[in-house]
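A.B. asks: Quick one: sequence and predicted model below, then my questions.
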Amino acid sequence: MSQSQHSVADDSEAKPVLAASLHDVRYLVALLRGISFSNRATVTLTADGGMTVSVEESRTLVATSYIYPDHFDEWTYTPPPPPPKSASASATQATELTNDDDDEADTNTTTAFEVPLNTLIDCLGIYGTANLTSLASSSGGPKHRRWRRDGESGDEGDGDGGRRGGGGGGGGRGRRDEAPSNNSRIDAYFGAASNEKRTSARVSYGGPGYPLALLLAEDASGPTTTCEIATFDPEPGVDLPFDGERTVLKIIFKSSSWLRDALAELDPSCDKITFTCNPPAAAAANNAPQPQQPQQRGGGSTAKPLFRIQASGTFGSTEMDYPNDREVLETYECGAPLSATYRFGHIARTLRALQSSTKTSLRIDDAGLLSLQFLVPVPVPKPRGGSGGGGGGGTSNSFIEFRCLALDDGTSY
């Protein structure tokens, strides 16, 4: 990977490829931190699609965060100009270039570069106000019951709510004076001061060879910080396309906590994790009435589960069965029995994304490719120039997606 170089000619008049601002970086940081298991990230910019940030591991696992333009207070994307063509090109070369115009036009509508992801996250959090304990809880996600082991009472009481940390901890941590009137220029970027500490940012990227520039501040009257992060030419990454028409299993968890708690309780020393699924009719015919909550048990169960997570390792195996309950599995589509096995370390990479999401979609295609999509609600800034008062502009749904190849052994359809 080589750092790209740029020509200094005509720099003074060049428009930046990206000029964006946002009044609260916490949600951006959450989307980036959800895929921060690898430091080398590829950022792709488009006018309509916004920003996508992708990382990969072992050419088997790909994670992508989708950050849409409406998540920003300002989003201006200007495609870089195409490279100059040689004036001495022959007629044949000119014809070939003409035939490739459409392809070049498509290429010029997107801009890609690599950036050290952990450095970017550290810069955004430089004031210490870029963290959220749980986006799911702060966004009003549904309250869920605790995972129940065999032999435990079905009455959860209120203990679960206390364990997950309620709504009292995220309030304002101090008040500040109103910004003086001579700060109108920086107010345009960062907004007026509020009662809650937050980090606002202006993001700019000049094009290939330029650094990714961040202008950060807590309020209009306080200090500002400028960061410039070196960018690099993107290297070809692994492509794991998921064809929806080849889907053999589709599950939507009503709350991401149902999957997050299950994965968090598995032994980190496990090597493999297997998802076993059966059609609802087949599972109901072979099992007793389902309990109202998922159950955790040791290995060795012979019952045909609706949906089972089994983790195995040197010290044994653990199975977790899910009930046919719409309070747990909002959507369940499985036409035939299947079992797919993955590297446990790859699936465990999703825990950070699960902590920031409210719902989770799990899909598997007929080749064993796993797609996990995590829904992350992001407040939309209120329109500029609107009347004062009132709240923001509502909520927009972003998401983080993981795609993972199955292991050859232990996978059947």
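C.D. replies: It's in.
A.B. asks: can you list the domains in the protein?
C.D. replies: 18-81+103-134+177-229, 244-404 (automatic domain parsing).
A.B. asks: I'd like those as CSV, with distance to Val238 appended.
C.D. replies: In this view, the C-beta of every residue, glycine as well, is placed from N, C-alpha and C. Shown next, in CSV, are those (distance: least, C-beta to C-beta, whole Å):
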stretch, distance to Val238
domain 18-81+103-134+177-229, 5
domain 244-404, 9
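A.B. asks: May I see the ones you listed arranged in JSON lines, with mean pLDDT as well?
C.D. replies: Below are the domains of the chain laid out as JSON lines (pLDDT from 0 to 100):
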{"stretch": "domain 18-81+103-134+177-229", "mean pLDDT": "85"}
{"stretch": "domain 244-404", "mean pLDDT": "85"}
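A.B. asks: Same list (the ones you listed) but as JSON lines, adding mean neighbour count.
C.D. replies: Formatted as JSON lines, the domains of the chain follow (neighbours: other C-beta atoms under 10 Å):
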{"stretch": "domain 18-81+103-134+177-229", "mean neighbour count": "18"}
{"stretch": "domain 244-404", "mean neighbour count": "18"}
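A.B. asks: now for these, which one comes closest to Gly237?
C.D. replies: Nearest to Gly237 among the domains of the chain is domain 18-81+103-134+177-229; the distance by C-beta to C-beta comes to 5.6 Å.
A.B. asks: hey, where'd the helices end up in the stretch 251-400 of the chain?
C.D. replies: Assigned by DSSP state H, counting those that start in this stretch, the stretch 251-400 of the chain shows helices spanning 257-264, 280-286, 344-348, 351-355.
A.B. asks: and of the ones you listed, who's closest to Glu235?
C.D. replies: Ranking the helices of the stretch 251-400 of the chain by proximity to Glu235 (C-beta to C-beta) places helix 344-348 first, at 20.7 Å.
A.B. asks: Output the contacting helices and strands for the closest one.
C.D. replies: For helix 344-348, the contact count by 3 or more C-beta pairs under 8 Å, 6 or more residues apart in numbering; DSSP states H and E identifies strand 272-277 as packing neighbours.
A.B. asks: Could you list every helix and strand in contact with the strand it packs on?
C.D. replies: strand 247-253, strand 307-313, strand 338-343, helix 344-348.
A.B. asks: mind giving me CSV with the ones you listed and columns for distance to Arg40?
C.D. replies: Shown next, in CSV, are those (distance: least, C-beta to C-beta, whole Å):
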stretch, distance to Arg40
strand 247-253, 30
strand 307-313, 29
strand 338-343, 20
helix 344-348, 17
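A.B. asks: For Ser398, find the nearest of these.
C.D. replies: Among the helices and strands packed on strand 272-277, the nearest to Ser398 by C-beta to C-beta is strand 247-253 (16.7 Å).
A.B. asks: What lies in contact with that closest one?
C.D. replies: By C-beta atoms under 8 Å, 6 or more residues apart in numbering, the residues outside strand 247-253 that reach it are 259, 275, 277, 307, 328-336, 338, 359-366, 413.
A.B. asks: Repeat the analysis, applying 7 Å as the threshold.
C.D. replies: Residues from elsewhere that reach strand 247-253 (C-beta atoms under 7 Å, 6 or more residues apart in numbering): 259, 277, 307, 329-335, 338, 359-366, 413.
A.B. asks: quick check: angle from it to strand 272-277?
C.D. replies: Strand 247-253 and strand 272-277 are oriented at 100 degrees to each other (axes from the mean of the first three to the mean of the last three C-alpha atoms, to 10 degrees).
A.B. asks: Quick check: which of the helices of the stretch 251-400 of the chain is nearest to Thr52?
C.D. replies: Taking C-beta to C-beta, helix 351-355 is the member of the helices of the stretch 251-400 of the chain nearest to Thr52, at 14.6 Å.
A.B. asks: now for the closest one, which elements pack on it?
C.D. replies: helix 257-264 (3 or more C-beta pairs under 7 Å, 6 or more residues apart in numbering; DSSP states H and E).
A.B. asks: now with 8 Å?
C.D. replies: helix 257-264, strand 370-379.
A.B. asks: Need the contact partners of it.
C.D. replies: Contacting residues not belonging to helix 351-355 are listed as 33-37, 63, 134-136, 256, 259-260, 263-264, 360, 372, 374, 400, 402 [C-beta under 8 Å, 6+ apart].
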